[in-house]
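# structure of the sequence below:
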Amino acid sequence: MAPHPGTHRLPPSLRLLAALALLLVAATVLAALPGAGEPAPRQLVVVTTAGWDAATGTLRYYEREGAQSPWREAGHFAVAIGRNGAAWGQGLHPAADQGQGPAKREGDGRSPAGVFALGSAFGYLPAGEAATALPYRQMDASHWCMDVPESPHYNRIVDAREVGEAAVAGSSEPMRLDLHHDGDPRYRLGLVIAHNPDNAPGAGSCIFAHLWRQPGEATAGCTAMAEADMRRLLAWLDPAAQPRLVLLPRAEYARLAPRWGLPAAGSAR
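Just a heads-up that it's a prediction; the model follows:
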């Protein structure tokens with residue numbers, strides 16, 4: 001890990017303390033992110049973009065044998081993100097590490113930046129056809145993700161058959177896009193990105209990785225990709241490996257990679 005700028009001007013004893021402090025930060029961001037008593041992540045999905053306003057980027061996925069082992073790239077492919085780029089989201093990263101950049105808000109057309117847990121996979125197919133070890137939910141016409149900040153179900157996928165039709169009124173996120181929007185395939189396969197885990201009203205909702213209709217098509221705040229790449233990713237992800245997603249502009253990634261114990265910035269382009 002490179003020393004923090006300015007530490008070379010400190011006395012040797014303080015330089016050692018500063019270096020140990022940086023190592024501790026890197027350990028806590030990825031090793032402690034799963035939560036007390038849980039193992040460190042052994043799978044990492046990294047999305048990097050050219051800048052805060054860029055709507056396309058590259059997804060690379062990495063694996064390692066243990067918390068002290070080096071990350072190894074397992075694959076990469078092109079993705080699209082929010083039509084207006086990215087903005088700092090609410091996830092597992094320390095708020096103190098957020099630098100320059102906008103903050104994610106409902107309806108801003110930006111994908112959340114930071115470190116996030118991954119939730120369940122979802123899609124139109126029965127569970128037996130999903131080919132993933134992740135928990136999987138088959139979506140029906142009655143499933144909606146609530147993007148209405150005033151709703152008690154905000155930022156959750158709910159079934160109108162269970163919560164009632166009135167409870168999903170106003171949502172613009174039917175989970176069967178094909179049935180509600182003329183065969184739209186984007187949610188045929190997808191994955192929940194755990195942005196805004198406390199469901200804070202207005203902080204942004206319904207953030208997924210899902211399919212795109214055409215290469216490079218921007219989203220309202222999700223991360224989109226080709227179906228073949230989604231299938232590859234879902235087949236690779238293992239919930240026992242505590243997978244995490246990192247989404248950052250490249251300059252922010254280079255700044256935070258040493259602190260967060262991420263793969264070298266040069267391999268995340």
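# stretch 66-78: which residues count as buried?
Trp71, His76 (16 or more other CB atoms under 10 Å). In short, each C-beta sits where N, CA and C put it, glycine included.
# show me where the stretch 1-150 of the chain has helices.
Under the criterion DSSP state H, counting those that start in this stretch, the stretch 1-150 of the chain contains helices at 12-26.
# please disregard the earlier target; I meant the stretch 151-269 of the chain.
So, for the stretch 151-269 of the chain - with DSSP H, counting those that start in this stretch - the helices run 160-163, 177-180, 227-236, 250-260.
# any weak-confidence spans in the stretch 151-269 of the chain?
265-269 (pLDDT under 70).
# now with 90, please.
Counting by pLDDT under 90, the stretch 151-269 of the chain contains low-confidence residues at 264-269.
# check the stretch 1-150 of the chain too.
1-39, 67, 99-100, 127-130.
# note down every partner strand of the strand ranked longest in the chain and its orientation.
As assigned by DSSP state E, the longest strand anywhere in the chain is strand 111-123. According to DSSP bridges, strand 111-123 forms sheet pairs with strand 86-88 (parallel), strand 136-138 (parallel), strand 189-193 (antiparallel), strand 244-249 (antiparallel).
# pull out the buried positions in it.
Ser111, Pro112, Ala113, Gly114, Val115, Phe116, Ala117, Leu118, Gly119, Ala121, Phe122, Gly123.
# now the strands for this protein?
For the chain, strands defined by DSSP E occupy the ranges 43-49, 56-63, 72-80, 86-88, 111-123, 136-138, 143-145, 157-159, 189-193, 208-211, 223-225, 244-249.
# columns distance to Arg255 on top of these, output as JSON lines?
Converted to JSON lines, the strands of the chain look like this (distance: least, CB to CB, whole Å):
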{"stretch": "strand 43-49", "distance to Arg255": "12"}
{"stretch": "strand 56-63", "distance to Arg255": "17"}
{"stretch": "strand 72-80", "distance to Arg255": "21"}
{"stretch": "strand 86-88", "distance to Arg255": "13"}
{"stretch": "strand 111-123", "distance to Arg255": "12"}
{"stretch": "strand 136-138", "distance to Arg255": "36"}
{"stretch": "strand 143-145", "distance to Arg255": "32"}
{"stretch": "strand 157-159", "distance to Arg255": "34"}
{"stretch": "strand 189-193", "distance to Arg255": "22"}
{"stretch": "strand 208-211", "distance to Arg255": "24"}
{"stretch": "strand 223-225", "distance to Arg255": "21"}
{"stretch": "strand 244-249", "distance to Arg255": "9"}
